[in-house]
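Participant: next input, structure requested:
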Amino acid sequence: MTGEPGPRMMSAGPGQGVAFRVATRDEFDAWDDLTVHIGGGHVYQSRAWAAHRARAGWQPDYLIGSDGSAVLALRRRWPIVGGSGAYLPRGPIPAGGAAAMAARLAGAAAWLGEHGVDVVASDTEAAAASGYPALAAAAGFRAIPELQPSRHRMSLDLGGSADEEALRAGFSKSTRQRLAAAERDGIEVVRYDRRGGPADDLLTSAQDEADPGTAFDRFAQRLLATGQRVGFRIGGVGEFQRWWASALAAGHLLFLEARVAGEPLGGLILYRHGGRLSTVHSADDPASRSAHPGLMHLLRWRAIQLAVREGCAEMDLGGVDIAPDHAQPVPGSPTWGLYEHKRSFGAEWVEMSGAHERVIRPWRYGLGRLTGRLARLARS
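Facilitator: Model (predicted):
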């Protein structure tokens, strides 16, 4: 999976700037190699995500930088007043260092500003410790609330050559015991994945993979219940399911479902991108926890094993923080149990840089937000 790093990106400091232009046909055809498969890439910079958001009224711009980088921007026009707002979903991707990323951010904003955009938002997954937030501020961007659910992640370093047994030996004692119990219970992990891969001895290929709607529907209902239980809100379930199906078809997403005697009891949705597998959603049946307390442990372990076999440098176990402060959980907080669960696999909390915004034309931005709200009220 990670053996094709994509085109080399030259470094660029903020002083140099990065000039952007629209991608050529050949660059468009190779887009995911530039933004998803390359180290640090993200599914939300993919053609599949652009097409999904286009169906909701966003206009995608596929931009190529003078340093060889690529940035997907999504634009939406303001009603009545003209102009638009733009969003770089998880872009620019982390590649080449914080200064190079800030130069790309400034360059993409300049191109968009020249093409009628009044405000640009970005939420690249650069680590906060990289110094990127200060460089983004120097480029005229200010911190804003999160646009995606989490601004942190629990990261397990695999180094591209991790040993499965050595990893398992490093798990907490209770996690190793629960894994052993889940394996004795004969819990089956079923895999929905158009890409396939080196784990047929661990994962059962789903018979209904060609039409995963039923599996996604039952997982979505569990996800809604999980959100209510731990205090986070899930948006439109139908929209989620449409995206999951598109991402699965593109090979960017895989779904692991745990079954006991053929009955589905929990699952994980993961993205395959940027030299890592990333946990996006997890949900289980709380009623089954006393009978099968290691069910979610086994799902995460199978995902880690798959990441190892695909040569990933990192297993991203997902976030555990909750709005509005996105703080690291402490004992007594709603997600403390989930935090401890992920730590038991050796994952470490990594704070990301968060979302940023640059207002280019304040007057039209203000009018655009107002007319946008009025239009939404009229539709509702």
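
Participant: now for this protein, the helix or strand with the poorest mean pLDDT.
Facilitator: The helix or strand of the chain with the poorest confidence is helix 213-230; it has a mean of 84 (mean pLDDT, DSSP states H and E).

Participant: report the buried residues of it.
Facilitator: 215-216, 219-220, 222-223, 226-227 (16 or more other C-beta atoms under 10 Å). C-beta here means a position set from N, CA and C on the backbone, and glycine is covered the same way.

Participant: packing partners of that helix?
Facilitator: Judged by 3 or more C-beta pairs under 8 Å, 6 or more residues apart in numbering; DSSP states H and E, helix 213-230 is in contact with helix 237-250, strand 253-260, strand 263-273, strand 276-284.

Participant: just want the angle from the longest one to strand 276-284.
Facilitator: So that's helix 237-250. 140 degrees (axes from the mean of the first three to the mean of the last three C-alpha atoms, to 10 degrees).

Participant: could you export helix 237-250 as PDB, CA atoms only?
Facilitator: C-alpha atoms of helix 237-250 as PDB (Å, rounded to 0.1, in the frame of the first residue of the first chain):
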ATOM      1  CA  VAL A 237     -26.700   9.000   8.600                       C
ATOM      2  CA  GLY A 238     -27.700   8.700   5.000                       C
ATOM      3  CA  GLU A 239     -24.900  11.100   4.000                       C
ATOM      4  CA  PHE A 240     -22.400   9.000   5.900                       C
ATOM      5  CA  GLN A 241     -23.500   5.900   4.200                       C
ATOM      6  CA  ARG A 242     -23.300   7.400   0.700                       C
ATOM      7  CA  TRP A 243     -19.700   8.500   1.400                       C
ATOM      8  CA  TRP A 244     -18.700   5.100   2.900                       C
ATOM      9  CA  ALA A 245     -19.900   3.400  -0.200                       C
ATOM     10  CA  SER A 246     -18.100   5.800  -2.500                       C
ATOM     11  CA  ALA A 247     -14.800   5.600  -0.500                       C
ATOM     12  CA  LEU A 248     -15.100   1.800  -0.400                       C
ATOM     13  CA  ALA A 249     -15.400   1.600  -4.100                       C
ATOM     14  CA  ALA A 250     -12.400   3.900  -4.600                       C
END
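
Participant: check the offset of it from the chain's centre.
Facilitator: Counting by C-alpha atoms, centre = their mean, to the nearest Å, helix 237-250 is centred 14 Å from the centre of its parent chain.

Participant: any idea of the mean pLDDT for that helix?
Facilitator: Average pLDDT, helix 237-250: 91.

Participant: for the last one, same thing?
Facilitator: In this model, strand 276-284 has an average pLDDT of 94.

Participant: pairing partners for it, with directions?
Facilitator: Strand 276-284 sits in its sheet next to strand 263-273 (antiparallel), strand 314-316 (parallel), going by DSSP bridges.

Participant: ok, and the closest non-adjacent residue to residue 281?
Facilitator: residue 269 (4.4 Å; C-beta to C-beta, 6 or more residues apart in numbering).

Participant: identify the residues contacting stretch 334-351?
Facilitator: Stretch 334-351 is contacted from outside by 127-129, 151-157, 167, 170-172, 174-175, 230-231, 296-297, 300-301, 304, 315, 317-318, 320-322, 328-330, using C-beta atoms under 8 Å, 6 or more residues apart in numbering.

Participant: save the strands paired with strand 276-284 as TSV, and put in mean pLDDT too.
Facilitator: As requested, these are exported to TSV (pLDDT from 0 to 100):
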stretch	mean pLDDT
strand 263-273	95
strand 314-316	96
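
Participant: just put those in CSV and tack on mean neighbour count and distance to residue 49.
Facilitator: Shown next, in CSV, are the strands paired with strand 276-284 (neighbours: other C-beta atoms under 10 Å; distance: least, C-beta to C-beta, whole Å):
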stretch, mean neighbour count, distance to residue 49
strand 263-273, 23, 10
strand 314-316, 24, 17
